[in-house]
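Visitor: Based on what follows, work out the 3D shape:
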Amino acid sequence: MRVWDNEPEDSFDEINIIPMIDVIFAILTFFILSTLFLTRAEELPVDLPSAETSEQKPQPDFIVTIDAEGEVSLDKEAIEVDNLDTEITDQLESGEEAIVTIQADERAYHGQVIEVMDILRTIEGVRLGIGTLPKTD
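Guide: Numbers count the residues shown, from 1 in each chain. Next comes the predicted model:
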């Protein structure tokens, strides 16, 4: 015997939002993680030494970074030490003064820091600064 069901079946389409929520969370996770990596890429990994007499100075015009392996960078771009003076003088106008801060890792070779300082002291109008961190108790 056949039973007839008098109630009509629901034939409308349902939108299942659970997969959409999963996709949104996956995209959100991707953007959060990618922005974390972008902020870390802005700085060069240098462990600056600390000093009790460190002072805040005006924003330098150029930053020369020497990392623990001895790699030299000018404004976050790798550069050969021999090309350092020509690169800075090309960016300076004649008679212009510039502040150059050397940020040397505390494990950097002292002789290389002195070599970079010696090159920078030969440039007309350049004042040198050494980057340090304030000493914390």
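
Visitor: any idea whether Asp82 is helix, strand or coil?
Guide: Under the three-state scheme (DSSP: H, G, I helix; E, B strand; the rest coil), the conformation of Asp82 reads as helix.

Visitor: what about it, distance to Glu96?
Guide: Applying CB to CB, to the nearest Å, the value for Asp82 to Glu96 is 23 Å. Yep, even glycine has a C-beta here, placed from its N, CA and C like the rest.

Visitor: same question, Leu84
Guide: In this view, Leu84 and Glu96 are 17 Å apart by CB to CB.

Visitor: between the two, who's got more neighbours?
Guide: Looking at Leu84 and Glu96 with other CB atoms under 10 Å, you find the greater number of neighbours at Leu84, namely 20 against 11.

Visitor: what's near enough to touch the more buried one?
Guide: Taking CB atoms under 8 Å, 6 or more residues apart in numbering, we find Leu84 in contact with Val64, Val72, Leu74, Val116, Ile119, Leu120.

Visitor: Model confidence for it, exactly?
Guide: Note for Leu84: predicted pLDDT of 88.

Visitor: now swap in the one 4 residues further on and tell me
Guide: What the model reports for Ile88 is a pLDDT of 86.

Visitor: any idea which helix or strand carries it?
Guide: Assigned by DSSP states H and E, Ile88 falls within helix 84-91.

Visitor: For burial, what's the neighbour tally of Asn16?
Guide: The number of residues packed around Asn16, counting by other CB under 10 Å, is 8.
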